[in-house]
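J.: can you look at this prediction? I've put the sequence above it.
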Amino acid sequence: MSATTTTRVDMHVKILDERVVSRAKARGIDVLVYAPHFVRLPDIRARAARFSDDDLLVVPAREVFTGSWRDRKHVLVVGLSDPVPDFITLDGAFAEFDRQDAATLVPHPEFLTVSLTAEDVAARRDDIDAVETYNTKSLPRDNRRGRDIARETGLPGFASSYAHLHGTVGEAWTEFDCDIDSEADLVTALREGAERRVVRRTGVSHALRGAAEFAHLGYENSWGKVDRLLLSGMEPTHPSHIAYDGRFDDVSVY
C-alpha cells in the first residue's frame, strides 16, 4: 500500500521575499497562499511566480475588503482569473467570486470589525468553501469562535500563519490529504472539501509570535494609512481605478 500523500499549505501570508521562502521551506511548508493588502491581482501573480520553485509553490490570492472602511468584511479568495477591487458591497463581491468559480474563504471570522459574522457565514453557507479555524494572530477565544462557526455551518476549516512578519511564516498550516502542485489543484481541494487537518506550532515562541502579529494590527488598521492608500480614488485596488474600467461602479461604496 502506498503512503498517503499530504501537502502542507500556509493558507494566508502577507509578505513574500527570499526570507519568507527560506523560512517556509525550513518549516516544511509546501504551498504558501500570498494575499497582500491593497495590491492588484496581476502584481500578486507576478510576485508569486517569481518566488515559486520546485520546492515551494506560491499561490496568488486576494483578501478583498468588502463594504466601507468603518463596516468592512474581509473575504479571502483563491483562483481569481480577473481582478476584483476592495470596497465594494458584499453582495457584489460574492457575485464576482461566483462568476469566476473561485474558492471563497472566511478569514478570522467575527474578529473585531473586519470579518464576516456567524450570521453572514450561515446566510452564505452555500457560497463559502471554508472557514478559518486557526489564525496565529487571533486570540484563543477568536480561534474557538472560528471552530464553532465551522462546526455549526458544517463547513471545512483551515489554518494560516497570517504572517505580516517574517518570523510568523509556517507557524500554522493546513495539511491536505492530496497533491497540490498548482493554483488549480488548491482551488479544487478547497471547493471539493478535500480531507485536511489544521496544524499549528506550540510553546512560548509560538505565543510570542502571535502576540507580535496582534500588536502589528494597530498599524495595519490605522485610518490614516488607508486614507492615504485608497480614498484618493487613484490607488491600485480602489474600485474607481482605471484598471477596473468602471465594471464595479454599481457596487462601489466609495
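T.: Everything's here; your move.
J.: now the strands for this protein?
T.: 7-13, 31-34, 57-68, 71-78, 103-106, 130-135, 157-160, 172-176, 196-200 (DSSP state E).
J.: make JSON lines from those strands and add mean neighbour count and mean pLDDT to it.
T.: For the C-beta atoms, the positions are set from N, CA and C on the backbone; glycine is no exception. Below are those laid out as JSON lines (neighbours: other Cβ atoms under 10 Å; pLDDT from 0 to 100):
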{"stretch": "strand 7-13", "mean neighbour count": "25", "mean pLDDT": "98"}
{"stretch": "strand 31-34", "mean neighbour count": "26", "mean pLDDT": "98"}
{"stretch": "strand 57-68", "mean neighbour count": "22", "mean pLDDT": "96"}
{"stretch": "strand 71-78", "mean neighbour count": "20", "mean pLDDT": "95"}
{"stretch": "strand 103-106", "mean neighbour count": "25", "mean pLDDT": "98"}
{"stretch": "strand 130-135", "mean neighbour count": "26", "mean pLDDT": "98"}
{"stretch": "strand 157-160", "mean neighbour count": "26", "mean pLDDT": "98"}
{"stretch": "strand 172-176", "mean neighbour count": "25", "mean pLDDT": "98"}
{"stretch": "strand 196-200", "mean neighbour count": "17", "mean pLDDT": "98"}
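J.: of these, which is nearest Gly246?
T.: Across the strands of the chain, Gly246 has its closest neighbour in strand 57-68 (18.2 Å, Cβ to Cβ).
J.: what strands line up against the closest one, and which way round?
T.: Sheet partners assigned to strand 57-68 using DSSP bridges are listed as strand 31-34 (parallel), strand 71-78 (antiparallel).
J.: format the ones you listed as a markdown table; extra columns: distance to Ala46.
T.: Conversion of those to a markdown table gives the following (distance: least, Cβ to Cβ, whole Å):
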| stretch | distance to Ala46 |
| --- | --- |
| strand 31-34 | 11 |
| strand 71-78 | 17 |
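J.: list the contacts of Val59.
T.: Shown in contact with Val59 (Cβ atoms under 8 Å, 6 or more residues apart in numbering): Val31, Leu32, Val33, Tyr34, Ala48, Val78, Glu183, Leu186.
J.: show me where the chain has its helices.
T.: Using DSSP state H, the helices of the chain run over 18-26, 41-51, 90-99, 118-123, 140-153, 183-191, 204-220, 223-229.
J.: and the longest one, which residues are buried?
T.: Right, helix 204-220. Within helix 204-220, the residues that count as buried by 16 or more other Cβ atoms under 10 Å are Arg209, Gly210, Glu213, His216.
J.: same question, the fourth one
T.: Of the residues in helix 118-123, those buried under the neighbour-count criterion (16+ other Cβ under 10 Å) are Ala118, Asp120, Val121.
J.: relative to Tyr244, which of the strands paired with strand 57-68 is closest?
T.: Closest of these to Tyr244 is strand 71-78, at 15.6 Å (criterion: Cβ to Cβ).
J.: tell me the gap between that closest one and the middle of its chain.
T.: Its chain's average C-alpha position is 8 Å from that of strand 71-78, according to Cα atoms, centre = their mean, to the nearest Å.
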